[in-house]
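Undergrad: got a predicted structure plus its sequence, pasted below:
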Amino acid sequence: MPSERIDRVLAAMRARGLTQMIVSDPQSIDYLTGVYVEPFERLFALYLSADGKHRFFLNRLFPAPRTPIEAVWFTDADDSISLLAAAVRPGEALGIDKEWPARFLLPLMERLPGTPCRLASGCVDGVRARKDEAEQALMRENSALNDEVMRRAAAYLKEGMTEEEGAAYILEQYRALGCEGPSFPPIVSFGANAADPHHMPDGTRLRAGDCIVLDIGGKKGGYCSDMTRTYFCKQADPRHAALHDLVRRANEAAEALVRPGVRLCDLDKAARDLIADAGYGAYFTHRLGHFIGRTDHEQGDVSSANTAVAEPGMVFSIEPGIYLPGEFGVRVEDLVLVTDTGCEVLNQVDKHWALLG
């Protein structure tokens, strides 16, 4: 069990004045204990206490390996909430994971009426955000695999193919490369469909002159990758090509600023100002980036609202875009790892526009 991670969470709890916390996100529990359970509708929780008397609450339907943390087992016939309430020190503020369903939280609050509950996900999320060396190695490996899938997809797509065919091919490549699966359903958008940043592949066929947005990611070793490149089929409208160059420059401008201590909102501003100064600010409709690791979107973002600073070990996306409704869309996305002195761009596929098909 990676006890150092729990120690860091306990330190974050102390900084918030908390002596106890319930962690319920299966990914966070796995991160802290090495035990992964998908509980579906059943209670699954890790109780962390400043005195070290942690408890693991597990349904017997989901056997788990032994851990140094004392396990409290229950069945579907047991009152699991009462078992959990008995471990909580009444009257002391209780940190709660953002993922815990109301069907568990509200009954627990009824049993502990004098115990204030506080949203405390940041105590775990802040630790998860700073990847250790083993995690950084996994993020590099997965990004290299994602680069290879992008290259294969770019070589595969041809005029007349559908978005759905392109997405199916991409999923096949993740399996062929030994991934557990995709980080998220691949986004394959042709032509005007690319003006929707989250367009899901459909039967639209690729035509000469269309832009092609490929936003893809795979998962291996429990960690995710994510990258976007935008291409053109056989020919590029000069205006669309110029907008691609603008978005690429915005991506590169933000990446050039990434280093410990820089505010995440300032990274967003660097890319957004460049696009806005060219007259397309209204068409950059989302934040600059998101954190990533065990899930494709982890807590934390690179946005105008986030004044937190970059720290070594953080991994997040830099993905500016321009979306012209009914016409065209372009996005260029890399993952970056914050180092002690700057950043490491994890994706190596050329970001300049190219002709395919």
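TA: Arrived safely, thanks for sending.
Undergrad: how about Arg16, what does it touch?
TA: 95, 118, 120, 122-123 (Cβ atoms under 8 Å, 6 or more residues apart in numbering). Where C-beta positions appear, they are placed from N, C-alpha and C, glycine not excepted.
Undergrad: state the pLDDT value of it.
TA: Note on Arg16: pLDDT of 97.
Undergrad: with the one 10 residues further on instead?
TA: Residue-level confidence at Pro26 comes out at 95, pLDDT.
Undergrad: does it touch Tyr36 like I think?
TA: Yes - counting by Cβ atoms under 8 Å, Pro26 touches Tyr36, with 6.1 Å between them.
Undergrad: those two: which has the busier surroundings?
TA: Comparing Pro26 with Tyr36 by other Cβ atoms under 10 Å, the one with more neighbours is Pro26, at 17 against 14.
Undergrad: so who does the more buried one touch?
TA: Neighbouring residues of Pro26 by Cβ under 8 Å, 6+ apart: 36-39, 44.
Undergrad: so which of those is the most crowded?
TA: Phe44 (23 neighbours).
Undergrad: OK, contacts around it?
TA: 24, 26, 29, 37, 57-59, 62.
Undergrad: can you give me the strands in the stretch 1-150 of the chain?
TA: Along the stretch 1-150 of the chain, counting by DSSP state E, counting those that start in this stretch, strands occupy 20-23, 45-49, 55-59, 70-74, 94-96, 117-119.
Undergrad: which non-adjacent residue is nearest the residue most central in space within the chain?
TA: Nearest to the mean C-alpha position of the chain, counting by Cα atoms, centre = their mean, stands His297 at 2.0 Å. Distance criterion Cβ to Cβ, 6 or more residues apart in numbering; nearest residue to His297, sequence neighbours excluded, is His290 at 4.9 Å.
Undergrad: what count of nearby residues applies to that neighbour?
TA: Residues near His290, counting by other Cβ under 10 Å: 18.
Undergrad: with the one 3 residues further on instead?
TA: Residues lying near Gly293 (other Cβ under 10 Å) number 24.
Undergrad: surely it and Val315 touch.
TA: Yes - with contact defined as Cβ under 8 Å, Gly293 reaches Val315; the gap is 6.3 Å.
Undergrad: common neighbours of the two, please.
TA: By Cβ under 8 Å, 6+ apart, the residues touching both Gly293 and Val315 are 131, 139.
Undergrad: contacting residues around Lys351?
TA: Here Lys351 is in contact with 229, 248, 251-252, 332, 334 (Cβ under 8 Å, 6+ apart).
Undergrad: let's see 10 Å
TA: 227-230, 244-245, 247-249, 251-252, 255, 332-334, 345 (Cβ atoms under 10 Å, 6 or more residues apart in numbering).
Undergrad: rewinding a little: check the gap between the residue nearest to the centre of the chain and Gly289 for me.
TA: Remark: distance between His297 and Gly289 (Cβ to Cβ, to the nearest Å) = 10 Å.
Undergrad: what's the answer for Tyr36, then?
TA: For Tyr36, the distance to Gly289 - Cβ to Cβ - is 27 Å.
Undergrad: all helices of the stretch 1-150 of the chain, in order?
TA: Counting by DSSP state H, counting those that start in this stretch, the stretch 1-150 of the chain has helices at residues 3-15, 26-33, 80-87, 102-111, 122-129, 133-156.
Undergrad: counting by contacts, list what the fifth one packs against.
TA: Contacting helix 122-129 under the criterion 3 or more Cβ pairs under 10 Å, 6 or more residues apart in numbering; DSSP states H and E are the following elements: helix 3-15, strand 20-23, helix 26-33, strand 45-49, strand 94-96, strand 289-291, strand 298-302.
Undergrad: mind listing what's buried in the third one?
TA: Judged by neighbour count using 16 or more other Cβ atoms under 10 Å, the buried positions of helix 26-33 are 26-29, 31-33.
Undergrad: pick the one among the residues you listed closest to Leu48.
TA: Leu32 (8.2 Å; Cβ to Cβ).
Undergrad: who touches the closest one in this structure?
TA: Neighbouring residues of Leu32 by Cβ under 10 Å, 6+ apart: 1-3, 5-6, 8-9, 23, 25, 46, 48, 54, 67, 69, 124, 127-128.
Undergrad: do the same with Phe284
TA: Applying Cβ under 10 Å, 6+ apart, the residues contacting Phe284 are 247, 250, 268, 271-272, 274-276, 320-323, 331.
Undergrad: try 8 Å
TA: 271-272, 275-276, 320-323.
Undergrad: kindly report the same for Val247.
TA: Per Cβ under 8 Å, 6+ apart, neighbours of Val247: 230, 275, 320-322, 330-332.
Undergrad: good, wrapping up.
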